[in-house]
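Q: what follows is a predicted structure for the sequence shown.
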Amino acid sequence: MRRFLLAAVMFGMAAGAQAADMPDFLRGTLPASNAPTRNWDGWYAGGQAGESWGNTDYRNTASAQTNNLFRGTTLAGPASELNVLGKVNEQSTAFGAFVGRNWQFDDVVLGVEANYNYLSGLSSSTGGTIGPIQVPEPGLVLPAGQTGVDSVTLTGRSALRVHDQVTFRGRAGWATGDFLPYMFGGLAVGRMDVSSTVSSSVNRTIFDAGGGVVSSGPLPQFALTSTVAKSNAFVAGWTAGLGFDYMLWGNVFLRAEWEYIQFMSIQETSVSENSVHAGIGYKF
């Protein structure tokens, strides 16, 4: 047994010595990368272009106006539940610029950034009509056996345009070689135009006890129109996304990113965006 152990140890030592003399690729190892991690610390600025896809939700746009049209009447409740409009998608080219500051801790890079984009045509409009909706009128003073029903018709049209927007971001990234992948989140402010028009008409029909029509005709007092509009309104929201910077040469870097923005409602209308950007910047 001792001879066997001694022989095994001597064989292992010899094999180890031979392995030490073998090339790296025969020992199953790869040469280590000597590429240094870039220094991203400091101020930077640049420009960008991209594409934005918006989704505008008009489903509640007409509700406030409808409530005003029928306030104090038996039609207020039923009419407020009528969704005249829906959701609309839109697309636009975007151009902008960014400026920010990085602080680097070994491979971790933290920073803040202001980002501006002008949208050449992120606008949408929609229209629709709903009705006539039958609403019983039990409070009418009618001859015995007769009943009254009002038929409500609503017509709506709305439009929204996002002119430009600015985001204020916090960033967190991981520096590896020439790459800086990062994620970000923060506040957004958009400049928008929004308008909405709602028109109503009501037709009243009186039935006899057998269901026959006694009379039918429009109610002029409910032939109403409400229009509200705002121009260059500033709307707040939030933003989040992912991207990476790549140091091209010297202090010049390329950028690619995806961004999501959700704005707060304006006139009961809300808009969200998905955008992709490509840019070039310089680190000072």
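A: Arrived safely. Numbers count the residues shown, from 1 in each chain.
Q: mind checking what secondary structure Gly72 has?
A: Secondary structure assignment for Gly72 (DSSP: H, G, I helix; E, B strand; the rest coil): coil.
Q: look at it and say how many residues are nearby.
A: Neighbour count for Gly72, taken as other Cβ atoms under 10 Å: 6. Heads up, the C-betas are built off the backbone N, CA and C, glycines and all.
Q: can you start the count at 653 instead of 1 from here on
A: OK, 653 is where the count begins now, so the last one is Gly724.
Q: quickly list what Trp901 is bridged to.
A: Val904 (DSSP bridges).
Q: sorry, slip of the keys, the one I care about is Gly808.
A: The partner residues for Gly808, given DSSP bridges, come to Gly780, Val850.
Q: ok, it touching Ser777?
A: No: between Gly808 and Ser777 there is no contact under Cβ atoms under 8 Å: 11.1 Å.
Q: comparing these two, which residue is more hemmed in?
A: Applying other Cβ under 10 Å to Gly808 and Ser777 shows that Gly808 carries more neighbours, namely 24 against 15.
Q: how near is that one to Asn741?
A: 19 Å (Cβ to Cβ, to the nearest Å).
Q: cool, and Val818?
A: Relative to Asn741, Val818 is positioned 23 Å away (Cβ to Cβ).
Q: neighbour count: those two, which is higher?
A: Between Val818 and Asn741, Val818 has the larger neighbour count (other Cβ under 10 Å), namely 16 against 9.
Q: mind telling me what element the more buried one is part of?
A: Using DSSP states H and E, Val818 sits within strand 799-826.
Q: tally of neighbours for Phe936?
A: Should you count by other Cβ under 10 Å, Phe936 turns out to have 8 residues around it.
Q: distance check, it against Trp705.
A: Here the distance between Phe936 and Trp705 works out to 33 Å (Cβ to Cβ).
Q: just Pro790 next, same as before
A: Noted for Pro790: a distance of 49 Å to Trp705, by Cβ to Cβ.
Q: now swap in Val764 and tell me
A: Taken as Cβ to Cβ, the span from Val764 to Trp705 is 27 Å.
Q: and for Gly829?
A: Taking Cβ to Cβ, one finds Gly829 at 32 Å from Trp705.
Q: kind regards, and thank you for your time.
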